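# give the three-dimensional model of this entry:
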Amino acid sequence: MRLLLLTVILVVGPDLAHCRTSTEPAPPAAQAQTWQDGDLLFADEFNSGQLDRSKWNVIGPDFWVNNEQQVYIDAPETIRFMAISETAGADGGALALQPMYWKGFETPDGRKVDFVSGRIDTRGKFEFTYGRAAARIKMPDAIGVWPAFWLLGNGKWPDTGEIDIMEYVGEADWTGVALHGEGYFGDTPLVNKHFFPPETDATQWHEYAVEWTSDQIRFLVDGKLTYRVTRKMAEHYGKWSFDTPKFVILNFAVGGAYPFKTNGIEVPYSGIPASTVERIRQGDIAMVVDWVRVYGRNKP
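Next up is the predicted model:
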């Protein structure tokens, strides 16, 4: 679309943050991309009432990172499905990843925790290089939870790249994005927060997406660009780690490193206040996912 004379466009991002007055078309990096049904590589609408295990793996209790206060289990209570009548605003049914309080749950390696939850991924079943990954999700209003929607590469972390499309630590006015790669990981400099406009927040339905090419990674909320990282920006810190296949992950962590660094809560659990513990006990906290869709233009 050609811009009208003297139209002022505000482009926001660490790589470009100034007002531009021009009669020329917006540069390609700032233009929206369109994706058609024919570009669809992967989709799960979560309408069948059960997990499609031809698409998803379920992570079990032997997995533990980031001082998370839960373990993941393969159970219908933590990876459950909601009927249309339970999911106002959803297009059909929905997936709910839900933490549960389970005092003294012991993992195979002897670690004891008080929470269990759900984590699924497409590793070895669906992986892609470049394209658009999107999910429609709503969050609970609960400090210290840590649900996420993200992409991860196979092989040594972080050398094969991690793209965090949406992370949430229970502060309903914002969600976060981040990139991790060789030379920039942990408290990566390539991180950003999206603050919702008035009258909305993360507890409502939103579409979280990433558009990933060989030259840049664009993060979007409800179709609006919120953050962009170019290859040159990443290479300022280390190696561009995003030319390799990635798989999709949905998970619901409880407490741990990111919530703790945000809220500083130490008791009763790292990053988790007593109010959230009580709500997990009551069973009213979950990340609800309406659908996940991945598009690409470099099909085999």
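
# how about the helices in the stretch 201-300 of the chain?
231-235, 257-263, 274-282 (DSSP state H, counting those that start in this stretch).

# which one of the ones you listed lies nearest to residue 209?
With C-beta to C-beta as the measure, helix 231-235 is the member of the helices of the stretch 201-300 of the chain nearest residue 209 (19.3 Å). To be clear about C-beta, it is placed using only N, CA and C from the backbone, and glycine gets the same treatment.

# quick one: mean pLDDT over that closest one.
Mean pLDDT, computed over helix 231-235, is 98.

# can I get the CA coordinates of it in CSV?
This file holds the C-alpha atoms of helix 231-235, laid out as CSV (Å, rounded to 0.1, in the frame of the first residue of the first chain):
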residue,chain,number,x,y,z
ARG,A,231,20.1,-11.1,11.4
LYS,A,232,22.5,-8.1,11.8
MET,A,233,21.1,-7.4,15.3
ALA,A,234,21.6,-11.0,16.4
GLU,A,235,25.1,-11.1,14.9
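
# can you list contacts of it?
14-15, 179, 181, 184, 190, 214-216, 240-242 (C-beta atoms under 8 Å, 6 or more residues apart in numbering).

# same question, stretch 103-110
Residues contacting stretch 103-110 (C-beta under 8 Å, 6+ apart): 61-62, 64, 71, 112-116.

# buried set for that stretch?
Residues of stretch 103-110 classed as buried by neighbour count (16 or more other C-beta atoms under 10 Å): 105, 107.

# and residue 236, how far from residue 244?
Look at residue 236 and residue 244: by C-beta to C-beta, to the nearest Å, they are 20 Å apart.

# cool, residue 113 as well?
Distance from residue 113 to residue 244, by C-beta to C-beta: 33 Å.

# these two: which is more packed in?
residue 113 (20 against 13; other C-beta atoms under 10 Å).

# report the angle between the axes of the helix or strand hosting that one and helix 274-282?
Remark: residue 113 resides in strand 112-117, with elements defined by DSSP states H and E. On the basis of axes from the mean of the first three to the mean of the last three C-alpha atoms, to 10 degrees, strand 112-117 is oriented at 70 degrees to helix 274-282.

# partner strands of the helix or strand following strand 112-117 and their direction?
Once strand 112-117 ends, the next helix or strand along the chain (criterion: DSSP H and E) is strand 119-121. Strand pairing for strand 119-121, determined by DSSP bridges: strand 57-58 (antiparallel), strand 246-254 (antiparallel).

# any idea of the mean pLDDT in the longest one?
In this case it means strand 246-254. Strand 246-254 comes out at a mean pLDDT of 98.

# and if you look at the first one?
pLDDT averaged over strand 57-58 equals 98, rounded to a whole number.

# what does stretch 147-157 give?
Rounded mean pLDDT across stretch 147-157 is 96.

# show me how far that stretch is from its chain's centre.
Between the centre of stretch 147-157 and the centre of its chain there are 10 Å (C-alpha atoms, centre = their mean, to the nearest Å).

# swap in stretch 106-126?
The answer for stretch 106-126 is 18 Å, by C-alpha atoms, centre = their mean.

# show me where the stretch 1-150 of the chain has strands.
For the stretch 1-150 of the chain, the strands defined by DSSP state E, counting those that start in this stretch occupy 8-11, 18-21, 40-44, 57-58, 70-72, 79-82, 94-97, 100-106, 112-117, 119-121, 131-138, 145-153.

# these: which one's closest to residue 169?
strand 145-153 (5.8 Å).

# just checking, what packs against the closest one?
Packing contacts for strand 145-153, counted by 3 or more C-beta pairs under 8 Å, 6 or more residues apart in numbering; DSSP states H and E, involve strand 131-138, strand 162-167, strand 206-212, strand 246-254, helix 257-263, strand 287-295.

# now render the strands of the stretch 1-150 of the chain as TSV, adding distance to residue 258.
Below are the strands of the stretch 1-150 of the chain laid out as TSV (distance: least, C-beta to C-beta, whole Å):
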stretch	distance to residue 258
strand 8-11	28
strand 18-21	31
strand 40-44	26
strand 57-58	23
strand 70-72	14
strand 79-82	22
strand 94-97	17
strand 100-106	21
strand 112-117	15
strand 119-121	15
strand 131-138	17
strand 145-153	6
